[in-house]
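K.L.:
Dropping the sequence and predicted coords here.
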Amino acid sequence: MRALISVYDKTDLEDFARGLEALGAELVASGGTAAYLEELGLRPARIDELTDVPELLGGRVKTLHPRVHAAILARRDRDDDLAALEEHDIEPFDLVCVNLYPFLEVATRYGTQEHEAVEMIDIGGPTMLRGAAKNFAHVAAVSRPDQYGRVLHELRETGELSLETRRALAAEAFATTAVFEAAVARWFADREAFPEVFTPVFTKCRDLAYGENPHQRAAYYEEAGARRHLLSRVDQLHGKDLSFNNLADLSAGRACAAEFTLACCVIVKHGNPCGVAVAATIEEAYERALACDPLSAYGGVVVLNRRVGRELGERIAEQFVEVLLAPGFDDAALDALRAKPGTRILADTERRQTNPGERDYLRVLGGVLVQDRDADVDDRAGMTAVCGSPSEGDWGNLLFAWRVCKHVSSNAIVLAKGLATIGIGAGQQSRVDAVRLALEKARAHGHDLHGAVLASDAFFPFADGPELALEAGIGAIIQPGGSKRDDEVIAAVEDAGAAMILTGRRHFRH
């Protein structure tokens, strides 16, 4: 066997190279890789000895030579290919081990200059990998350190790599070069918000037991280049494997909790908050979030932004919780929570949970819709009180409800009091039905609606929705405005002696 090795990442390379040598392989390596192997006491042949051409242009040209690529691409079942090799005294390679420059890591690093990113655009590496993968019938393309062990194992067991193994390695090699090229293309196109060719890249983080339903297959992929993702710096301390629905609800909960810096609890069910509260303590925040709609909270996902102590751990253990995420847990809290085998306990050590400039994607038939993320909206100065004079307490509740409303499926209505939700109407085709649902939920769980506030993710087309809320005791409303009948809506609120804030922007979430 003859193996060509040219790698940037030297992880596990020593064991792989020694394993190949022990199997009788002849090693050929490019400059930096050869120097590394020589320091380990190995004696690979160098690429420049093979080509009789030294590295050129500061290392930009090392492996781009016919004696390298003919050795990779030669078909062993073609007499003309073999004759060409013999004529030029070229010995073919049986295995090509290449990993690529860390372009994405460097290009996304804060402070990286353009010329530094450009130097991380690998040319020779992808070319060799693609050549080996194309010729998988005769050559093994090894593109990642995590492949070394299984390649060595099969070589030791059978003395060769099967066609199926080489085909699988080829698929992984082309995926590796595709990710690399897409990252470079995206970097070049980054000056445009929506370039002509959109090239997102996702790499598999984990397989999932099933999708939304047991008959659907599923996996979780993280976006290449994202500084953080849903499960980055999250440790699972207890419970079953996370499911598709768990992750969808966890994402919704984390996004909503990120709106607040005070002690906050968000309880999510089927992608929508069913209880959100901020308070002086995390224990109080949990109780008030749970009180919003304890019926819907059954089997939900709970996201907390403070450490869980014994008292809170014991309290949560009284409920059926599918997933619990918090920055940390006291030992006594974990003891109580681990008594519930069905609860997945996640410790979150990530402090910043957003990616600036990240896009939202929505899969549609034969394509994908791409948009900017709905940005943070706290600018009270950009809001207008069109009737009434909200107190500072009302303003606090209105802004709280407005932030929560951003994370509720449209049509969305959020009722809040004392910085806690008391009723949520989500995903209704009619806005008046969303109001009715929110009021019914609040009443069903014994909440006092007098003096509560209402947030609507979009304008009220008629006065009927606000009138239902005002009759129930709602004292202030926040909504975007912009309806042809704004005057009617404002008049209805003013006649009821309530206050209304127009934000000038909406929060549709489909």
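P.N.:
Happy to help now that I have it.
K.L.:
drop to CA atoms for contacts and neighbour counts, all remaining ones
P.N.:
Will do.
K.L.:
Distance check, the spatially most distant residue from the centre of the chain against Pro466.
P.N.:
For the chain, the largest distance from the centre (CA atoms, centre = their mean) belongs to Glu87, which lies 52.9 Å off. In this view, Glu87 and Pro466 are 87 Å apart by CA to CA, to the nearest Å.
K.L.:
Can you mark which positions in the longest helix seen in the chain are buried?
P.N.:
Taking DSSP state H as the criterion, the chain has its longest helix at helix 163-188. Using 16 or more other CA atoms under 10 Å as the test for burial, helix 163-188 gives 165-167, 169-174, 176-184, 186-187.
K.L.:
quick one: the helices in the stretch 1-150 of the chain?
P.N.:
Secondary structure of the stretch 1-150 of the chain by DSSP state H, counting those that start in this stretch: the helices cover 13-22, 31-39, 47-51, 66-73, 79-87, 103-107, 114-119, 124-134, 148-158.
K.L.:
same question but for the stretch 251-400 of the chain, I mixed them up
P.N.:
Counting by DSSP H, counting those that start in this stretch, the stretch 251-400 of the chain has helices at residues 282-292, 294-297, 310-317, 331-337, 392-405.
K.L.:
Just give the number of residues close to the closest residue to Asn272 other than its chain neighbours.
P.N.:
Among residues not flanking Asn272 along the chain, Val408 sits closest, at 5.4 Å (CA to CA, 6 or more residues apart in numbering). Other residues lying near Val408 total 28 when counted by other CA atoms under 10 Å.
K.L.:
and what of Arg144?
P.N.:
Residues near Arg144, counting by other CA under 10 Å, number 18.
K.L.:
One more: the one 4 residues further on?
P.N.:
For Tyr148, the tally of surrounding residues (other CA under 10 Å) stands at 19.
K.L.:
do Leu73 as well
P.N.:
Residue crowding around Leu73 was assessed by other CA under 10 Å; the count is 22.
K.L.:
what's the spacing between it and Gly125?
P.N.:
Remark: distance between Leu73 and Gly125 (CA to CA) = 15 Å.
K.L.:
so where's the stretch 201-350 of the chain uncertain?
P.N.:
Applying pLDDT under 70 to the stretch 201-350 of the chain flags residues 225, 227.
K.L.:
Flag the shaky bits of the stretch 51-200 of the chain, pLDDT-wise.
P.N.:
Across the stretch 51-200 of the chain, the ranges flagged by pLDDT under 70 are 56, 58-59, 61-62.
K.L.:
Look at the residue nearest the centre of the chain and tell me its secondary structure.
P.N.:
The centre of the chain sits closest to His229, judged by CA atoms, centre = their mean, with a distance of 3.6 Å. Secondary structure assignment for His229 (DSSP: H, G, I helix; E, B strand; the rest coil): coil.
K.L.:
Distance check, the residue lying closest to it once chain neighbours are set aside against Arg206.
P.N.:
The spatially closest residue to His229, leaving aside those adjacent along the chain, is Glu222, at 6.4 Å (CA to CA, 6+ apart). Note on Glu222: its distance to Arg206, by CA to CA, is 9 Å.
K.L.:
so where's the stretch 351-500 of the chain uncertain?
P.N.:
Within the stretch 351-500 of the chain, the segments meeting pLDDT under 70 span 351-357, 376-379.
K.L.:
residue boundaries of the strands in it?
P.N.:
359-364, 367-372, 384-387, 413-416, 421-425, 453-456, 476-479, 499-502 (DSSP state E, counting those that start in this stretch).
K.L.:
got TSV for the ones you listed, with distance to Leu237 and mean neighbour count too?
P.N.:
Shown next, in TSV, are these (distance: least, CA to CA, whole Å; neighbours: other CA atoms under 10 Å):
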stretch	distance to Leu237	mean neighbour count
strand 359-364	30	10
strand 367-372	34	11
strand 384-387	47	16
strand 413-416	33	32
strand 421-425	30	32
strand 453-456	37	31
strand 476-479	41	27
strand 499-502	44	23
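K.L.:
Output the ones you listed in TSV; the columns should cover distance to Ala492.
P.N.:
Listed next are those as TSV, based on distance: least, CA to CA, whole Å:
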stretch	distance to Ala492
strand 359-364	37
strand 367-372	35
strand 384-387	10
strand 413-416	18
strand 421-425	21
strand 453-456	15
strand 476-479	12
strand 499-502	10
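K.L.:
can you list the domains in this protein?
P.N.:
With domains defined by automatic domain parsing, the chain comprises 2-191, 232-348, 380-502.
K.L.:
Quick one: these as JSON lines, columns for distance to Asp372 too.
P.N.:
Shown next, in JSON lines, are the domains of the chain (distance: least, CA to CA, whole Å):
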{"stretch": "domain 2-191", "distance to Asp372": "14"}
{"stretch": "domain 232-348", "distance to Asp372": "15"}
{"stretch": "domain 380-502", "distance to Asp372": "14"}
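K.L.:
which stretch among those domains comes nearest Pro214?
P.N.:
Checking those against Pro214 by CA to CA gives domain 232-348 as the closest, at 10.1 Å.
K.L.:
which one of Glu222 and Arg206 has more residues nearby?
P.N.:
Glu222 (17 against 12).
K.L.:
So the more buried one belongs to a helix, correct?
P.N.:
No. Glu222 is assigned strand when assessed by three-state DSSP, not a helix.
K.L.:
just checking, it touches Phe202?
P.N.:
Yes. Between Glu222 and Phe202 there is a contact at 5.3 Å, judged by CA atoms under 8 Å.
K.L.:
Now do the contacts for Val386.
P.N.:
490, 499-502 (CA atoms under 8 Å, 6 or more residues apart in numbering).
K.L.:
From Ala317, how far off is it?
P.N.:
Val386 is 46 Å from Ala317, by CA to CA.
K.L.:
Can you get me a residue count around the closest residue to Pro102 other than its chain neighbours?
P.N.:
Spatial nearest neighbour of Pro102, chain neighbours left out: Met120 (6.6 Å); criterion: CA to CA, 6+ apart. Neighbour count for Met120, taken as other CA under 10 Å: 17.
K.L.:
Distance-wise, check Met120 relative to Thr112.
P.N.:
Per CA to CA, Met120 is found 11 Å from Thr112.
K.L.:
re earlier: so which of the helices of the stretch 251-400 of the chain is nearest Glu49?
P.N.:
Of all those, helix 331-337 sits nearest to Glu49, with 61.4 Å by CA to CA.
K.L.:
buried stuff in that closest one?
P.N.:
332-334, 336-337.
K.L.:
again with stretch 30-49
P.N.:
Here stretch 30-49 shows 30-31, 33-35, 37, 42-48 as buried, counting by 16+ other CA under 10 Å.
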